[in-house]
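1. Give me a model of this one.
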Amino acid sequence: MIAVPQAAIDLAKRFEGFHRVPRADPGRAHPYVCPAGYWTIGYGHLCDPKHPPITEAEAEGYLANDLMTALNATLRYCPVLATEPEGRLAAIVDFTFNLGAGRLQTSTLRRRINQRDWLGAITELRRWVYGAGIVLPGLVARRKAEVNLIATYSTVNAGM
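-> Numbers count the residues shown, from 1 in each chain. Got it, this is the predicted structure:
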């Protein structure tokens, strides 16, 4: 069984952050609406708007489960990643965690990965930066970090 790569955990924590903490309740995160319009809590865990506040430890538990789900979906749709360097797997696990398995399943990105067309995969990753029809700087930064993980093991330029 393949474990969730540490780089995927690091990316999720970096870009999701445990930052939705009101001053009146400093040790816990509360539900919030993410830029894509979904109710979320902790490190990007989808939830009901009435979800009770959670501690950082609870958020870590949700994140571990969510990343395992993303890892399983990533390997189901991109089985070639099981034999690629861990950074490539981490990048696509983060993509799947961020956008959902359905987006990976139906994407040209998936085709490029399964063809081991890493330059094409990088080009496709760079396209996933829109939320509500506008370019979101956070998604640009996240895709750049994912591209860098893929390009680390390629002869392609990772610049955005």
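2. And for His45, the neighbour number?
-> With neighbours defined by other CB atoms under 10 Å, the count for His45 comes to 20. (Each C-beta comes from the backbone N, C-alpha and C, glycine too.)
3. how much space is there between it and Glu60?
-> 10 Å (CB to CB, to the nearest Å).
4. any idea how far the closest residue in space to Cys47 that isn't next to it in sequence lies from Pro5?
-> Computed as CB to CB, 6 or more residues apart in numbering, the closest residue to Cys47 that is not its neighbour in sequence is Ile41, at 4.6 Å. According to CB to CB, Ile41 and Pro5 sit 24 Å apart.
5. Also Arg76?
-> As judged by CB to CB, Arg76 and Pro5 stand 16 Å apart.
6. before we move on, what about Arg127?
-> 23 Å.
7. Can you get me a residue count around the residue nearest to Val135 when sequence neighbours are not counted?
-> Distance criterion CB to CB, 6+ apart; nearest residue to Val135, sequence neighbours excluded, is Val129 at 5.2 Å. By the criterion of other CB under 10 Å, Val129 has 18 neighbours.
8. For this structure, which segments count as helices?
-> 6-16, 56-77, 86-99, 101-105, 108-114, 118-125, 137-151 (DSSP state H).
9. Much appreciated, bye for now.
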